[in-house]
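Student: here is the input, now give the coordinates:
(one chain, ligands or ions: 2)
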Amino acid sequence: MNALQALIFDVDGTLAETERDGHRPAFNAAFAEHGLDWHWDASLYGELLAITGGKERMRHYAERYAPEVAARADVDTLIRQLHAAKTAHYVRLVGTGHLALRPGVAELIAEARAAGIRLAIATTTSPENVGALLDASLAPGSSDWFEVIGAGDVVAAKKPAPDIYRWVLDRLALPAGACLAIEDSENGLRAALGAGLRCLVTVGEYTRGQDFSGAAAVLDSLSDTSLVRLPS
Ligand code: XBP
Ligand code: MG
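Tutor: Ligands and ions are numbered 1, 2, ... in the order given. Here you go, the predicted structure:
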């Protein structure tokens with residue numbers, strides 16, 4: 001086992017609880033704007049989170065609950081337009097600063113920076129969403145603290161596929177054994193493990209009860225988790 005050289009953070013559910021009061025209302029606003037009578041309530045959204053990626057989630061929803069939309073000849077264009085609108089709503093919403101980082105996140109990031117531990121991000125969400133969240137909830141310009149940001153469509157296969165973690169490891173030029181992934185979900189854990197990483201899970205509001213077998217540790221949050229207390 002190599003000494004720890006980098007932390008690779010997931011974003012949604014890990015840095016902040018962004019799903020229920022961030023992504024979900026942004027999707028709903030996009031649906032209304034496009035004249036769709038779709039509404040994702042908090043409970044349905046929890047089920048839809050099994051499908052990672054906003055475009056993929058909307059396509060899945062259409063196929064399952066709105067086959068007439070899924071069958072439209074222009075469904076690909078519609079999903080692209082819906083997703084662009086959703087992203088704009090999300091960025092605006094997050095910019096209001098009402099989504100706080102989860103406990104202990106800012107402290108661990110600060111400690112890692114002070115100790116010269118490299119930082120990276122591996123997320124399914126779109127790059128503009130990451131910047132907006134970090135600017136509003138960590139510090140303006142704090143995206144720059146992360147040497148590599150792997151986000152959205154840079155890989156074709158989203159989590160639970162390991163591709164995004166492999167993409168990040170490649171750019172860090174580090175072996176998986178020198179890094180620790182921090183995730184909140186079973187899909188994220190599977191992605192990290194698939195890339196050969198150790199993974200710490202901080203259970204979130206939508207992920208409690210999922211199967212975290214294979215995790216190096218499962219915690220309620222990062223609060224009181226300093227570098228020396230991370231799993232080795
Ligand atoms: C996060 C997601 C994302 C967001 C939406 O998964 O699944 O799809 O819900 O973001 P993870 P986009 O935390 O495992 O990376 O709409 O930008 O895709
Ligand atoms: Mg997550």
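
Student: for the residue in the chain positioned nearest to ligand 1, which residues are in contact?
Tutor: Ranked by CB to the nearest ligand atom, the top residue of the chain for proximity to ligand 1 is Gly54, at 2.1 Å. (Each C-beta comes from the backbone N, C-alpha and C, glycine too.) If you count contacts by CB atoms under 8 Å, 6 or more residues apart in numbering, Gly54 has them with His23, Phe27, His83, Lys86, Thr87, Thr125, Ser126.

Student: check what pLDDT it gets.
Tutor: With respect to pLDDT, Gly54 scores 98.

Student: Val228 too?
Tutor: As predicted, Val228 sits at a pLDDT of 89.

Student: and the residue of the chain closest to ligand 1, how far is that from Phe27?
Tutor: Separation of Gly54 from Phe27 (CB to CB, to the nearest Å): 7 Å.

Student: overlap of the contact sets of those two?
Tutor: Contact criterion CB under 8 Å, 6+ apart; residues shared by Gly54 and Phe27: Lys86.

Student: picking that back up, buried subset of the contacts of Gly54?
Tutor: Buried subset of these (neighbour count, 16 or more other CB atoms under 10 Å): His23, Phe27, His83, Lys86, Thr87, Thr125, Ser126.

Student: how about the contacts made by the third one?
Tutor: For His83, the contacting residues are Ala30, Gly54, Lys55, Met58, by CB under 8 Å, 6+ apart.

Student: report how many residues lie close to the nearest residue to Asp220 once chain neighbours are set aside.
Tutor: Spatial nearest neighbour of Asp220, excluding adjacent residues (CB to CB, 6 or more residues apart in numbering): Val203 at 6.0 Å. Using other CB atoms under 10 Å, Val203 is surrounded by 19 other residues.

Student: Ser142 too?
Tutor: By other CB under 10 Å, 18 other residues sit near Ser142.

Student: excluding covalently adjacent residues, which one is nearest to it?
Tutor: Closest to Ser142 by CB to CB, 6+ apart is Leu134, at 4.6 Å.

Student: buried residues in the helix or strand encompassing that neighbour?
Tutor: Assigned by DSSP states H and E, Leu134 belongs to helix 127-137. Residues of helix 127-137 classed as buried under the neighbour-count rule (16+ other CB under 10 Å) are Pro127, Asn129, Val130, Gly131, Ala132, Leu133, Leu134, Asp135, Ala136, Ser137.

Student: now those residues in a markdown table, with distance to Leu44?
Tutor: Shown next, in a markdown table, are the buried residues of helix 127-137 (distance: CB to CB, whole Å):
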| residue | distance to Leu44 |
| --- | --- |
| Pro127 | 27 |
| Asn129 | 21 |
| Val130 | 25 |
| Gly131 | 28 |
| Ala132 | 25 |
| Leu133 | 23 |
| Leu134 | 29 |
| Asp135 | 30 |
| Ala136 | 27 |
| Ser137 | 26 |
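
Student: hang on, the earlier thing: could you pick out which of the buried ones among the contacts of Gly54 are near ligand 1?
Tutor: With CB under 6 Å from any ligand atom as the criterion, these include His23, Lys86, Thr87, Thr125, Ser126 near ligand 1.
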